[in-house]
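Peer 1: Generate coordinates for the sequence data below:
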Amino acid sequence: MSDETPFLPAPGPSGDLFAQSGLTPFGEPEPNDAEAIRLEGVHKSFGDLPVLRGIDLSVAPHEVICLIGSSGSGKSTLLRCVNLLEPVNKGRIVLWGQDVTSAGVDENAVRRHIGIVFQSFNLFPHMTVLANITLGPIRVLALSRREAEARARALLARFGLSDKEDDYPDRLSGGQQQRVAIVRALAMQPGIMLLDEVTSALDPELVGEVLGVIRELASAGMTMLIATHEMGFARDIADRVCFLDEGVILEQGPPKQVFTSPVNARTQQFLRRIVEAGRL
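Peer 2: Numbers count the residues shown, from 1 in each chain. Okay, the predicted model is just below:
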């Protein structure tokens, strides 16, 4: 099984970590919650290889943050740590005021409120689009099949996929599969979406349809943390851009500032290469 197989906890008592946190049934933080996500001094190593070396980051409700940087800079690992797919070695991660890296935290309950989509689509090939989307809400949220299918169909319609509900993944284009993967995450009604290079496995002509979905989520106020190589997209959609290098956030700020007037020399070098490659 791939380490990016969609997380699907077994059904059982919710024991919901956020039951008393002011979270609404739709995973939305109440207005008095100052931060959706807070990372404090987060370190992560794989064996002797340090990947994150002291990440400090705060994400406000409804904020869209794009993580940019070279491959291997730590962007994907940061997202996986937020979703508790990777345990941190040092530091802590706080969601809506609660430390989710403390001992005894129910990881399943945390993940119910965080949608994550990877660059590989990870759809179950033996299930139709509708079955892929409804599996989590039925098993994890204990929705009835009728409720889950109604929710799935509404999302499919919203993102132009209504005619694909009975198709199997191998009959879809890459862009359609990635849109279904995003819909599947949204069907769990998360309060946060984590998107990990969701366009990098797509043909260039299919990138636009996936970015269109993300733009709609941003305009609707979804809190998002996005790792991306699409610099133009990051410039257009992000409230804030963070440049990672060797596991450290070297620079962050509004897109206009980071992309046109970067302060850090390494950021300047990275963006100069991006411009020379015609990607910005």
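Peer 1: which residues in the stretch 101-250 of the chain form strands?
Peer 2: Along the stretch 101-250 of the chain, the segments classed as strands by DSSP state E, counting those that start in this stretch run 114-117, 192-196, 223-227, 240-245, 248-253.
Peer 1: strands paired with the shortest one, and their directions?
Peer 2: In the sheet, strand 114-117 lines up against strand 192-196 (parallel) (DSSP bridges).
Peer 1: got the angle between the strand it pairs with and strand 223-227?
Peer 2: For strand 192-196 against strand 223-227, the angle between stretch directions is 10 degrees (axes from the mean of the first three to the mean of the last three CA atoms, to 10 degrees).
Peer 1: Show me the contact partners of strand 192-196.
Peer 2: Strand 192-196 has contacts (CB atoms under 8 Å, 6 or more residues apart in numbering) with 27, 36-37, 59, 75-76, 79-80, 82-83, 95, 113-119, 182, 185-186, 214, 217, 222-228. To be clear about C-beta, it is placed using only N, CA and C from the backbone, and glycine gets the same treatment.
Peer 1: switch the cut-off to 7 Å
Peer 2: The set of residues external to strand 192-196 that reach it, using CB atoms under 7 Å, 6 or more residues apart in numbering, is 36-37, 76, 79, 82-83, 113-119, 185, 214, 217, 222-227.
Peer 1: cool, and stretch 266-279?
Peer 2: 70, 231, 243, 245, 250-251, 258-259, 262, 280.
Peer 1: give me that answer again for 10 Å
Peer 2: Stretch 266-279 is contacted from outside by 68-70, 73, 229-232, 241, 243-246, 248, 250-253, 258-262, 264, 280, using CB atoms under 10 Å, 6 or more residues apart in numbering.
Peer 1: Just the buried residues out of these, in ChimeraX syntax.
Peer 2: Selecting just the buried residues from the contacts of stretch 266-279 in ChimeraX takes one command, with 16 or more other CB atoms under 10 Å as the test:
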select :68,69,73,229,230,231,241,243,244,245,248,250,251,252,253,258,259,262
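Peer 1: rewinding a little: compare the strands of the stretch 101-250 of the chain and give me the one nearest Gln177.
Peer 2: Nearest to Gln177 among the strands of the stretch 101-250 of the chain is strand 114-117; the distance by CB to CB comes to 10.9 Å.
Peer 1: Would you list the phi and psi of Met222?
Peer 2: Taking degrees, to the nearest 10, you get phi -70, psi 130 for the backbone angles of Met222.
Peer 1: who are the neighbours in contact with it?
Peer 2: 27-28, 61-64, 115, 186, 190-193, 214, 216.
Peer 1: still on that earlier bit, who wins for proximity to Arg151 among the strands of the stretch 101-250 of the chain?
Peer 2: With respect to Arg151, and counting by CB to CB, the nearest of the strands of the stretch 101-250 of the chain is strand 114-117 at 13.6 Å.
Peer 1: Restrict that closest one to CA atoms and write it as CSV.
Peer 2: What follows is strand 114-117, C-alpha atoms only, in CSV (Å, rounded to 0.1, in the frame of the first residue of the first chain):
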residue,chain,number,x,y,z
ILE,A,114,-8.6,18.2,7.6
GLY,A,115,-8.9,17.3,3.9
ILE,A,116,-5.7,16.4,2.1
VAL,A,117,-5.2,15.9,-1.6
